[in-house]
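> For reference, the sequence and a predicted model appear below.
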Amino acid sequence: MKLAPVARALAARGARHAVVHTGQHYDPEMSEAFFRDLCLPRADHALEVGSGSHARQTAAIMERFEPLCETLAPDVVLVYGDVNSTVAAALVAAKLGIAVGHVEAGLRSGDRTMPEELNRLVTDHLANLLFAPSPDAVENLCAEGVSGPQVHFVGNVMIDSLVVALPAARALEAPRRHGVAKGQYTVVTLHRPANVDDAATLCELLGALGQVSKHSPTLFPVHPRTRARMQTLGVDLAAMNGVRVLEPLPYLEMLGLVSDAGLVITDSGGLQEETSWLGVPCVTVRPNTERPITCAVGTNRLVAPQRDAIQDAARAAVAQRPATPPVIDRWDGHTGERIAAVLCDGARFD
């Protein structure tokens, strides 16, 4: 999803580019749905790395990506986000003397226990071009001694994808299909290890969802990791006190539900961004976030994984819902075009 806006913008300019799919966290059925629903560019090269420990996955990506770089000899390698493939591809390119561009540069949670935070730090200090999604990201880079003409405040590529997909998502009428009224239901996603791997924490979260569901229908598309942990605990998925447990949903259907929700409870980074742009109240079950702008504009709030805290935050979020979605600078659907302008024209975005 993150590469699609830039790939489209480069293609519109006739710029030569190749899309490489590492295969990290690859799910054939889910990936096919993403390609179909979002008209994503098909990969020119697939590394098919699959899952594994952080070290094994990173090493496998590097081992398979290096010969590809030597063959293609690109001018720039663009890496996205904060996953293992991000830092692995950046390391390979940097050691081969190829310029590295990092999309979503400068995001920081301040929590180095998160593998993603380590990936962000290393990638940003290897990158030659840093494409920041928000002013706080630019400030983070400056505080680390990374500043000057290589840093570009371009906006958020995830919002580009959302803008393109939203009409099709709403056309699905997902709330009606799930039997809920627009603005009157809660959508939940939980998958981070800190929330679902510890039995006591997960039980507390499930109890919180049971409380929330007393006040509004609660739809819970369950991540495979979370489902496995729930089954280990012996949770009866069919008897979740009014919480509707669903299989993971295709992006368009999920976006359709989120866009018309009364509340979202999540630990996902992407949903924090999407709900902020949509103006949907969001409660994020995390002690920190690498996207503090979502809290600054008032749509998102952080909360501890505790029943009463979640219930209180949910009530406050719904009561203080903004009358109109906030306007966030350069979250306008044109981030991909700005990145392409930097790469192709040498444009500068302060």
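Cool, got the structure. Numbering: from 1, shown residues only.
> got a list of contacts for the helix or strand encompassing Ile310?
Taking DSSP states H and E as the definition, one finds Ile310 inside helix 307-319. For helix 307-319, contacts defined as CB atoms under 8 Å, 6 or more residues apart in numbering pick out 186, 204-205, 207-208, 211-212, 215, 262-263, 265, 281-283, 285, 301, 303. To be clear about C-beta, it is placed using only N, CA and C from the backbone, and glycine gets the same treatment.
> Could you identify the helix or strand that succeeds that helix?
helix 335-345.
> Send me that next one as PDB with only the CA atoms.
Output in PDB follows, covering the C-alpha atoms of helix 335-345 (Å, rounded to 0.1, in the frame of the first residue of the first chain):
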ATOM      1  CA  THR A 335       2.500  12.700  -1.200                       C
ATOM      2  CA  GLY A 336       3.500  10.200  -3.900                       C
ATOM      3  CA  GLU A 337       3.600  13.100  -6.400                       C
ATOM      4  CA  ARG A 338       5.900  15.100  -4.200                       C
ATOM      5  CA  ILE A 339       8.300  12.200  -3.700                       C
ATOM      6  CA  ALA A 340       8.400  11.600  -7.500                       C
ATOM      7  CA  ALA A 341       9.100  15.300  -7.900                       C
ATOM      8  CA  VAL A 342      12.100  15.000  -5.600                       C
ATOM      9  CA  LEU A 343      13.400  12.000  -7.400                       C
ATOM     10  CA  CYS A 344      12.800  13.100 -10.900                       C
ATOM     11  CA  ASP A 345      13.100  16.900 -10.800                       C
END
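> buried sites along the helix holding Ile310?
For helix 307-319, the neighbour count (16 or more other CB atoms under 10 Å) marks Arg307, Ala309, Ile310, Gln311, Ala313, Ala314, Ala317, Val318 as buried.
> out of those residues, who's nearest Pro5?
Proximity of these to Pro5 (CB to CB) peaks at Ala317, which lies at 29.0 Å.
> Tell me the spacing between that closest one and Thr186.
Going from Ala317 to Thr186 by CB to CB, to the nearest Å gives 10 Å.
> got it, and Leu130?
Leu130 sits 36 Å away from Thr186, going by CB to CB.
> count of neighbours near Ala224?
Careful, residue 224 is Pro and not Ala. If you count neighbours by other CB atoms under 10 Å, Pro224 ends up with 12.
> quick one: contacts for His54?
Residues in contact with His54, defined by CB under 8 Å, 6+ apart, are Asn84, Pro115.
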